[in-house]
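[1] Show me how the following folds:
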Amino acid sequence: MRSFPKFLAVCALLAPALWAQTEASTPKKAVQVRFSPDMLDKSIDPCNDFYAYACSKWQAQNPVPADRPTWGRFNELQERGEYIVRDILEKAAAKTTGRTPYEQKIGDYYASCMDESAIEKAGTKPLDHDLQSIDALKSKTDLAKEALRLHREGAEVMFSFSSGSDFKNASQIIAEVDQGGLGLPDRDYYFKDDAKSVELRQKYVEHVQKMFELLGDPSAKAAAEAKVVMDIAIRRKSTTSFPTRNSPRLAPASTGAFTSTESEPPSSILSTWPSLISLSRCRPWSTLIRWTIGRLTCAGT
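    The predicted model follows:
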């Protein structure tokens, strides 16, 4: 976690390479992705159905792969980029003479991340520093300082922090703060009461429990922690999605505590979320942060 942003960035590059190694013995190659007039279905009048005119032939020739939820031309483009990156990394990892210092660093890092036996042997030990720091939280001040530390290392716990155009002044880029640390993609996943949604939430809680068990917690404790994670998520998602999208952004002067180099809690940012602070009994939030660290690490690998 000391180099969390680098860790996630590199692992994001390694994921397609690892996936490729599980494919057939002959690895796939990067293919050209470009527009071709031959892909237009000229039997269809574009004035009646332009989408079918432009896309139907490609769709017929490119069914959604079994391991993907969706598939499109941008997925093809992304896959091409992944194969190109994989080839660069594999060449850099080959212990040949003449590698530049940069190639050696990139190649050795890639090789270490692909060493599955060493990764499995290490288990959660690389997270020990962060888990111990989270377990030591005693107060809201500790909680804010830890959130700041983890954000600076690339882990968006409790809230996300980014930048964007000011809705009231498009010439200015200002800070944006939003809810973070939640696992399901939208509010409706937490509140719909149809059978499928109820089953999904049940399986999600089971998944969270399994994650805590993988972090070393006994089954009973992990089950209680999973319930805490879901309870916090439901309370934070109790407002509709629309107000969340239109929540206030922060002017640059409001972010000093968060962006300064001093080890001060990001009080100016957290104070913009009074509902979040009102929930901040320290222990439930430390449970959520532990879950977030575990989830982000697995997502990166």
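
[2] where in the stretch 1-150 of the chain is pLDDT low?
    1-30 (pLDDT under 70).

[3] where do the helices sit along the stretch 51-200 of the chain?
    Assigned by DSSP state H, counting those that start in this stretch, the helices in the stretch 51-200 of the chain fall at 73-93, 101-113, 116-122, 128-135, 140-152, 188-191, 195-214.

[4] okay, the strand or helix carrying Ala233 in PDB with CA atoms only?
    Secondary structure assignment for Ala233, by DSSP states H and E: helix 219-236. Taking C-alpha atoms only, helix 219-236 is exported to PDB below (Å, rounded to 0.1, in the frame of the first residue of the first chain):
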ATOM      1  CA  SER A 219     -16.400 -16.600  10.000                       C
ATOM      2  CA  ALA A 220     -18.700 -15.200  12.700                       C
ATOM      3  CA  LYS A 221     -16.800 -11.900  12.900                       C
ATOM      4  CA  ALA A 222     -16.600 -11.700   9.100                       C
ATOM      5  CA  ALA A 223     -20.400 -12.100   8.900                       C
ATOM      6  CA  ALA A 224     -21.000  -9.300  11.400                       C
ATOM      7  CA  GLU A 225     -18.500  -7.100   9.500                       C
ATOM      8  CA  ALA A 226     -20.300  -7.800   6.200                       C
ATOM      9  CA  LYS A 227     -23.600  -6.600   7.800                       C
ATOM     10  CA  VAL A 228     -21.900  -3.400   9.000                       C
ATOM     11  CA  VAL A 229     -20.600  -2.700   5.400                       C
ATOM     12  CA  MET A 230     -24.100  -3.200   4.000                       C
ATOM     13  CA  ASP A 231     -25.800  -1.100   6.800                       C
ATOM     14  CA  ILE A 232     -23.400   1.800   6.200                       C
ATOM     15  CA  ALA A 233     -24.000   1.600   2.400                       C
ATOM     16  CA  ILE A 234     -27.800   1.600   2.800                       C
ATOM     17  CA  ARG A 235     -27.600   4.600   5.200                       C
ATOM     18  CA  ARG A 236     -25.300   6.500   2.800                       C
END
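
[5] who does that helix touch, helix- and strand-wise?
    Other helices and strands packing on helix 219-236, by 3 or more Cβ pairs under 8 Å, 6 or more residues apart in numbering; DSSP states H and E, are helix 188-191, helix 195-214, helix 282-300. Where you see a C-beta, it was placed from the backbone N, CA and C, and this is true even at glycine.

[6] so which of those comes closest to Glu76?
    Closest approach to Glu76 among the helices and strands packed on helix 219-236 (Cβ to Cβ): helix 282-300, 23.0 Å.

[7] the inter-axis angle of the closest one versus helix 128-135?
    Between the axes of helix 282-300 and helix 128-135, defined by axes from the mean of the first three to the mean of the last three Cα atoms, to 10 degrees, the angle is 150 degrees.

[8] Tell me which residues of helix 282-300 come out buried.
    By neighbour count with 16 or more other Cβ atoms under 10 Å, helix 282-300 contains the buried residues 284-297, 300.

[9] Could you work out the most separated pair of the residues you listed?
    Pro284 and Gly300 (25.0 Å).

[10] Show me the chain divided up by domain.
    4-120, 125-300 (automatic domain parsing).

[11] Could you say which of the ones you listed is packed most deeply?
    Most buried of these by mean neighbour count (mean count of other Cβ atoms under 10 Å) is domain 125-300; its value is a mean of 16.

[12] before we move on, back to that, need the residues that contact the helix holding Ala233.
    179, 182-184, 190-191, 201, 204-206, 208-213, 217, 275-276, 279, 284-285, 287-288, 290-291 (Cβ atoms under 8 Å, 6 or more residues apart in numbering).

[13] 7 Å instead, please
    Applying Cβ atoms under 7 Å, 6 or more residues apart in numbering, the external contacts of helix 219-236 come out as 179, 182, 190, 205, 208-209, 212-213, 217, 276, 279, 284, 287-288, 291.

[14] Please identify which of these is nearest to Leu40.
    Nearest to Leu40 among those is Leu182, at 42.2 Å by Cβ to Cβ.

[15] Would you format the helices of the stretch 51-200 of the chain as a markdown table with distance to Ala60 included?
    A markdown table is the format used below for the helices of the stretch 51-200 of the chain (distance: least, Cβ to Cβ, whole Å):
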| stretch | distance to Ala60 |
| --- | --- |
| helix 73-93 | 14 |
| helix 101-113 | 38 |
| helix 116-122 | 38 |
| helix 128-135 | 49 |
| helix 140-152 | 46 |
| helix 188-191 | 33 |
| helix 195-214 | 30 |
